[in-house]
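1. sequence and predicted structure, then a few things I'm wondering about:
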Amino acid sequence: MGLLDNLKPLTPGQEEMLKVLKDKSIDVIGIFGPSGAGKSLFSITYGIDSILNKDFRRFLIVKPLVNVVSGTDLSVEMGKNVYESLIMDYINDILNSLQLEVNLTDLMNKGLIQFVDLHYLKGRTFDNSLVFIDDIQNIPAESVIEVLIRVGNNSRLIVAGDPVFQRLKKVKNDSSAIIREILLSEEKAKVVDLGLKDIIRPGAKKGLRLLVELILRGRNLNSEDKKILETILTYAPDADVVTVMDVSKLKDSLNIKGETCPEVIIFTKTPGRLIGKGGERIQKIENSLGKKVRTIIFSLDFKEWIRSIHPIPWIHKHILEVDFAGPRLRVKINKEEGGAFLGYGGSYIRFVNQIFEDLLGIIVEVEQVEVKEEEKEGKKEKKKK
């Protein structure tokens, strides 16, 4: 029984990741997704398993070390022992949950596991090796390509990065997003996208939620937004409002008609206090503003966001999934209702996309999925129950 057999995928994304790692026909694997989804855990476990099974002669780990206070890169120049000790701590932290009986120090002393410093690649060739580059969002894209150039005969490359966090921080020229785009069309390469549903570390999901909340609360409000906030404080002074957004001008610019399309969006953590008993507070807010208001209970459930934002209120029933695919938010929708979701001339998706861009800097993409008849029948049976 190999080390990899100790890993039990807990999500569909992790199942796909494990399947790709085991597929020996793939030379380059790109694993992208938020922190806490198991990218490093699965890759390092696979790497150690591979050298123990003699699939490769050595397992090379490229891990950028960054001083979180100064933001400067750390290299082997600080001392080889210190450098390797820091990376060993990183590996041990990852593998502790598996309780593996493996002597990593012994594997290092035998040269089976090696740590590679990006600053000293010149003249090196990695034959009969498995190369793993972690946290490529912290490495220039050119340096990732440099490592790929060094990969020689009978070797394999795995790269892992987090384009989600980078997108939310509005990082320009994010290496993880760039490398992902390159690998999508590369021969004998496979991209695995992990999303929010694949996060298994509680702290990672909480941290991401706090980051999104921080971004929303830190938005610069325009005059219309400020007027909305003042109105809310008048009729619901004890409500915890995360942010507000006037989208009436956007609605008019896209020529979206109908009373169901929101003109004001309010994110709140206390919906009861905002709406009031019997809806009296939200009704007064709407009447005062003279605009259609939609409230969103703040969470990372982006399907609920779209449910409140989209001009067609019933469209959410046909949304299969909303999650990150690389740096973008992908909406999977029943193909039969794809046109209704997109809207005439793409007006509805442009409306939704612009709101997400303004709020979080995220682009929304749509994937229309063919839903099988048995799946439709299954959903109908669930509704009956």
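-> Perfect, I can see it now. Keep in mind that this is a model prediction, so the values were computed, not measured.
2. show me the contacts for Leu214.
-> By C-beta atoms under 8 Å, 6 or more residues apart in numbering, the contact set of Leu214 is empty. Glycine gets a C-beta too; all of them are placed from N, C-alpha and C.
3. pLDDT value on it, please?
-> On the pLDDT scale, Leu214 is placed at 96.
4. for stretch 107-118, C-alpha coordinates in CSV please.
-> Extracted in CSV, the C-alpha atoms of stretch 107-118 (Å, rounded to 0.1, in the frame of the first residue of the first chain):
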residue,chain,number,x,y,z
LEU,A,107,15.4,10.7,2.0
MET,A,108,17.1,14.1,1.8
ASN,A,109,20.5,12.7,2.8
LYS,A,110,20.2,10.1,0.0
GLY,A,111,19.4,12.9,-2.5
LEU,A,112,16.0,11.4,-3.2
ILE,A,113,14.3,14.7,-2.1
GLN,A,114,16.0,17.9,-3.0
PHE,A,115,15.1,21.6,-2.6
VAL,A,116,15.8,23.8,-5.6
ASP,A,117,16.6,27.5,-5.2
LEU,A,118,15.3,29.4,-8.2
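5. out of everything not next to it in sequence, what's closest to Ser35?
-> Ala204 (4.7 Å; C-beta to C-beta, 6 or more residues apart in numbering).
6. burial of the one you found, as a residue count?
-> Neighbours of Ala204 under the rule other C-beta atoms under 10 Å: 17.
7. host element of it?
-> Assigning secondary structure by DSSP states H and E places Ala204 in helix 202-217.
8. so how far is Leu95 from the residue nearest to Ser35?
-> The gap separating Ala204 from Leu95 is 17 Å, by C-beta to C-beta, to the nearest Å.
9. which regions of the stretch 201-350 of the chain lie under the pLDDT threshold?
-> Within the stretch 201-350 of the chain, no stretch has pLDDT under 70.
10. mind listing the strands for it?
-> 241-246, 264-268, 293-297, 319-325, 328-334 (DSSP state E, counting those that start in this stretch).
11. just give me how far the first one sits from the chain centre.
-> The one in question is strand 241-246. Relative to the mean C-alpha coordinate of its chain, strand 241-246 is positioned 23 Å out (C-alpha atoms, centre = their mean, to the nearest Å).
12. can you list the strands that that strand pairs with?
-> The strands beside strand 241-246 in its sheet (DSSP bridges) come out as strand 264-268 (antiparallel).
13. what's in contact with the partner strand?
-> 216, 228, 232, 239-248, 274, 289, 291-298, 308-309, 355.
14. can you rerun that using 7 Å?
-> For strand 264-268, the external contacting residues (C-beta atoms under 7 Å, 6 or more residues apart in numbering) are 216, 228, 232, 239-247, 274, 289, 291-298, 308-309.
15. repeat that for stretch 40-48.
-> Counting by C-beta under 7 Å, 6+ apart, 3-4, 7, 14, 17-18, 21, 31, 59, 91, 94-95, 98, 102, 130, 132, 134, 158, 160 sit against stretch 40-48.
16. what sits against Asp27?
-> The contact partners of Asp27, by C-beta under 7 Å, 6+ apart, come to Arg156, Leu157, Lys188, Ala189.
17. pull out the buried residues from those residues.
-> Neighbour-count burial (16 or more other C-beta atoms under 10 Å) applied to the contacts of Asp27 gives Arg156, Leu157, Ala189.
18. can you give me the distance of the second one to Leu118?
-> Put plainly, it is Leu157. Applying C-beta to C-beta to Leu157 and Leu118 gives a distance of 14 Å.
19. could you do the first one as well?
-> Applying C-beta to C-beta, the value for Arg156 to Leu118 is 19 Å.
20. Glu365: neighbour count?
-> Glu365 has 12 neighbouring residues, counting by other C-beta under 10 Å.
21. tell me the SS of it?
-> Recorded secondary structure, Glu365: strand (DSSP: H, G, I helix; E, B strand; the rest coil).
22. that one is in contact with Lys332, isn't it?
-> No - under the criterion of C-beta atoms under 7 Å, Glu365 makes no contact with Lys332, lying 10.0 Å away.
23. in the helix holding Ala204, what's buried?
-> Neighbour-count burial for helix 202-217, counted by 16+ other C-beta under 10 Å, picks out Ala204, Lys205, Gly207, Leu208, Val212, Glu213, Ile215, Leu216.
24. and for stretch 286-298?
-> For stretch 286-298, the neighbour count (16+ other C-beta under 10 Å) marks Glu286, Leu289, Lys291, Lys292, Val293, Arg294, Thr295, Ile296, Phe298 as buried.
25. now stretch 326-345
-> Residues of stretch 326-345 classed as buried by neighbour count (16+ other C-beta under 10 Å): 326-334, 337, 340-343.
26. next one: stretch 345-356
-> Ser347, Tyr348, Ile349, Arg350, Phe351, Val352, Asn353, Ile355, Phe356.
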